[in-house]
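Undergrad: need a 3D model of the sequence below.
(2 chains)
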Amino acid sequence: MFQSMTMAKKLVLGFATVLVLLVIVSVLSFIAIDGASVGFASYREKAVRANRMGEMQANMLMGRLQVKGYLKTHGEQDAKSFQQYLGITDSILAELIAAVKDPERLAKLNAANSNIDTYAKAFETVVTHTREADRLDSEVLANVGREIEQRLTKIMDEASQQETTALAAKTLRSLLLARLYVRRFIGENEQKDVERVNQEWAEFSKNLSALGIVMQDAQRRSLLDEVMRYKDEYKNAFERMVQLTVERNRVVTETLDILGAKFAADLDDVKLSYKAEQDMIGPQVQTSNDRAIFTIVLLSAIALLMGVLIAWLIIRAVMAQLGKDPGVIADVTRKVAIGDLAIEFDQNNLRGVYKDMFGMVDRLRQIVGEVRVGADNLSSASSQVSSTAQALSQGATEQAASVEETTASIEQLNASVQQNTENARITNGIAKSSAEEARRGGEAVKRTVQAMKEIASKIGLIEDIAYKTNLLALNAAIEAARAGEHGKGFTVVAAEVRKLAENSGVTAQEINQLATSSVSIAEEAGKLLEQMVPNIVKTADLVEEITAASGEQATGISQINEAMSQLDKATQQNASSSEQLAATAEELSGQASQLQETMSFFRTGAGNGRTKSRASASYAASPRHQQQPTRRASHVTEDFADSSIDPADFAHKDFERF
Amino acid sequence: MGQLVVSKQAARSGRDLNDEVTQYLTFSVADERLAMSITAVKEIIETPQVTRVPMTPDYIRGVINLRGNVVPVVDLGARLGRGALTLTKRSCIVLVEVQVGEEDRHVLGMLVDEVKNILDIPPQDVKPPPEFGSEIRTDFIEAMGRVEDIFVIILSVDHVLSVQELASLRHFTDDHVADVEH
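TA: Next up, the predicted model:
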């Protein structure tokens, strides 16, 4: 199958196979690299997210640290920093929420987001409460406490009575203790401090009431009233502060600590899931890359091998088709193009196109030889045509004269045909009447025959009578003889009767014979007449046909006349045509020599064909054309004998050599 | 015995005919011309219908009805060894009277091809039969008659119609002959 394909098909098939393999390798490579790229992109995305998550986590932790710090220091700086970190965290989180598609993660991130929002709000509350508490502490408690202390101190200093002074001191002490515990509550936020404060405050209140009862001095009394007024204010402020602090602490413990841990854990979960995914994708991509490399290397090796094999096959097939290097074939073609047919072929490697080239050159050599011979023949034939054309011209002129003579003769012929027609008509009438008469004659003969036959039968009767008479005479003679002497006379009579009977018998027989012969003659005459009738009828018919034929002849002769005039024209034309023919023959001769000239372009390596053709052309021009074919044939054979390589013998020689 | 009688009769008739011209009836049988003495002939008739008789020899042609009497017919051709004659328009039966023994006389018919005529042959022209050379048995021949340089065989009727055959025929001719006599 491979051998029978064209070279283009073979090449296309070979290259197609290699290209298909290349495409397969490319596709596989593309798929492998694309897979790796996708894996890598995924891996990178995960890494970026994990990094972002880490960044967010750091910010978030920093925020929480600021919260813790704030709770410790109550500094505005910390609150501001927290807001800053929260902002960064929120932005990163929003970014991640927008980017992440995994629902679980998204849920976690959303939860974290809401938790952070809650956390921030809770922190706001905490800050508000803290500020309020701080304000109460710094504005109310400190001022009011100092006022109360100053009054009590003044009271104590001014009191004259020992008892009052002691009580005032005692009151001051309670107050100071209360204030100490307040300060301590502010520092520690302990419930027991509050109780101590309340306890001290109750002591203080009791001491103050007792003081009130004791003192009578109006000045001091007014101081004490002021103290009493301040005391309520202080107490309210403190309670308000406690309330705020408790509330703050509750928010811190119930919201901030829980939520902070929760969203930290959520975010950490998300981060860890990214990390786990990264850990999973990394080796997968690695494995698939390894496999792709192996496949590509294997396929490349196969493609290389197949490419080499196909190349070898194509080269083999092409060489089988060409047979020789294209350069050699081109050389042969070039030689043929310049008319050189004497080419040496490598006889050992005749195959493919090279073999066909060999066949072509061989065939060309033969054809060139044949064409040369043909050109020679043509040359001789053209001169022959020329002389023939001249003879033709002369013949045409003679023909014209003959045609005129013929026309005159046909006129005469026409007259005689008319005469014939008339005669035939008359003859026809005569023949018809003759036929009728012959028929009647036949009938008469028939009647005659009938009569003759009747006569013959009648004569037979007479004969019988004669015989019987004879018998009677014999019997009479016998009787007479038996009568003896008496019968003598009777015997004579009987003898006479018998003689008469015999005579009549003989005569009857003669008549019978005559009649019989007459019958046969008459019958023959009848037969002849009967035969005559159809002959005469036929003659009449024939004469009629002759009449018709004569008419046709007259028509024919007029047609002949017409034809003769046409013939005359044709003869004239023939004369001119034959002259043209002579001219054409001349031209033909010139073209034949030109053809010989052209054919001398080919060198067959079989001697010089041109001189030969010239020689044969001169033969053709010679007046002895009759001998020419044989002469030329011998000439050709001579040429072949002379030639170093005979074209017709060429292949034969080669075969012998191998 | 019959033979003896016939020869006597022949001798007597020969003696009777010595001094006068005897008439002979000539006829042809199978292209041979034969003659017989006219005295033996009784009548010549044209051939009527012949009735064949079974168990008879070939030369007995059969019997005919002659005016009411049965007459046997001898085919002369068969009798003379020339084969049975074919009947033609000219075939005739010559009735002859034959004497058998002292008293008996029979009428017999002889079938011939054609009856020719009656010849007068003088006694000096009647020659005795030849010893050899004739195709016919010599006892059938009575004599040779010379007529214008041609010899005509004169048949001996009694020999031709021999006694034994006649005797064998007697039983159906007897009565009628007797009737004729009376």
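Undergrad: for the chain, which segments count as helices?
TA: Chain wasn't specified; assuming chain A. Secondary structure of chain A (DSSP state H): helices located at A:7-73, A:76-99, A:103-135, A:142-158, A:162-188, A:191-214, A:218-251, A:257-322, A:326-337, A:352-483, A:488-599, A:609-621, A:628-642, A:647-657.
Undergrad: sorry, should have said chain B
TA: Going by DSSP H, chain B shows helices at B:2-16, B:76-79, B:157-160, B:163-170, B:174-181.
Undergrad: since we're on residue 130, how many residues are nearby?
TA: Since you didn't name a chain, this refers to chain A. 18 (other CB atoms under 10 Å in any protein chain shown). No exception for glycine: its C-beta is placed from N, CA and C like everyone else's.
Undergrad: ah, no, chain B please
TA: Number of residues near B:P130 (other CB under 10 Å) recorded here: 12.
Undergrad: can I assume it is in contact with B:I153?
TA: No - counting by CB atoms under 8 Å, B:I153 is not a contact partner of B:P130; they are 9.9 Å apart.
Undergrad: residues that sit against both of the two, list them.
TA: Common contacts of B:P130 and B:I153 (CB atoms under 8 Å, 6 or more residues apart in numbering or on different chains): B:M144.
Undergrad: ignoring the adjacent residues along the chain, who's closest to A:M360?
TA: A:V336 (7.6 Å; CB to CB, 6 or more residues apart in numbering or on different chains).
Undergrad: for chain B, what's the nearest residue on the stretch 51-200 of chain A?
TA: A:K101 (152.3 Å; CB to the nearest CB).
Undergrad: next, give phi and psi for that residue.
TA: Backbone torsions of A:K101, given as degrees, to the nearest 10, read phi -110, psi -30.
Undergrad: nearest residue to A:I31 in space, please, no chain neighbours.
TA: Closest to A:I31 by CB to CB, 6+ apart is A:A292, at 7.6 Å.
Undergrad: please apply the same query to A:S42.
TA: In this structure, A:S42 finds its nearest non-sequential neighbour in A:I281, 5.8 Å apart by CB to CB, 6+ apart.
Undergrad: what count of nearby residues applies to the one you found?
TA: Neighbourhood size, A:I281 [other CB under 10 Å]: 18.
Undergrad: in contact with it, which residues?
TA: A:G39, A:S42, A:Y43, A:K46.
Undergrad: switch the cut-off to 10 Å
TA: Counting by CB atoms under 10 Å, 6 or more residues apart in numbering or on different chains, A:I281 touches A:V38, A:G39, A:F40, A:S42, A:Y43, A:E45, A:K46, A:A47.
Undergrad: which sections of the stretch 551-658 of chain A are below the confidence cut-off?
TA: Across the stretch 551-658 of chain A, the ranges flagged by pLDDT under 70 are A:606-658.
Undergrad: repeat for chain B
TA: Applying pLDDT under 70 to chain B picks out residues B:1-21, B:100-103, B:132-138, B:162-182.
Undergrad: centre-most residue in it?
TA: Centroid-nearest residue in chain B, with CA atoms, centre = their mean: B:V157, separated by 4.0 Å.
Undergrad: contact partners for that one?
TA: Counted by CB under 10 Å, 6+ apart, B:V157 has contacts B:6, B:9-10, B:36-37, B:39-41, B:94, B:96-98, B:108, B:110, B:140, B:142.
Undergrad: neighbours around the residue nearest to it when sequence neighbours are not counted, how many?
TA: Setting aside the residues directly before and after it, B:V157 is nearest to B:A40 in space (CB to CB, 6+ apart), at 4.7 Å. Burial of B:A40 is recorded as 22 neighbouring residues (other CB under 10 Å).
Undergrad: then the one 10 residues further on?
TA: Neighbouring residues of B:V50 were enumerated by other CB under 10 Å; the total is 17.
Undergrad: now the one 4 residues further on
TA: Neighbouring residues of B:P54 were enumerated by other CB under 10 Å; the total is 5.
Undergrad: check A:N503 too.
TA: Look at A:N503: counted by other CB under 10 Å, it has 11 neighbours.
Undergrad: still on that earlier bit, among the contacts of B:V157, the buried ones, what's the PyMOL command?
TA: A single PyMOL command selects the buried members of the contacts of B:V157 (16 or more other CB atoms under 10 Å in any protein chain shown):
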select buried, chain B and resi 6+10+36+37+39+40+41+94+96+97+98+108+110+140+142
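Undergrad: interface residues of chain A facing chain B?
TA: A:460, A:463-464, A:467-468, A:470-475, A:477-482, A:484-485, A:491, A:494-495, A:498-499, A:502 (CB under 10 Å from any CB of the partner chain).
Undergrad: select only the buried ones of these in PyMOL?
TA: Selection of buried members from these for PyMOL, criterion 16+ other CB under 10 Å:
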select buried, chain A and resi 463+467+470+471+473+474+475+477+478+479+480+481+491+494+495+498+502
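Undergrad: separation between A:T333 and A:D340?
TA: Note on A:T333: its distance to A:D340, by CB to CB, to the nearest Å, is 11 Å.
Undergrad: mutual contacts of those two, please.
TA: A:V361.
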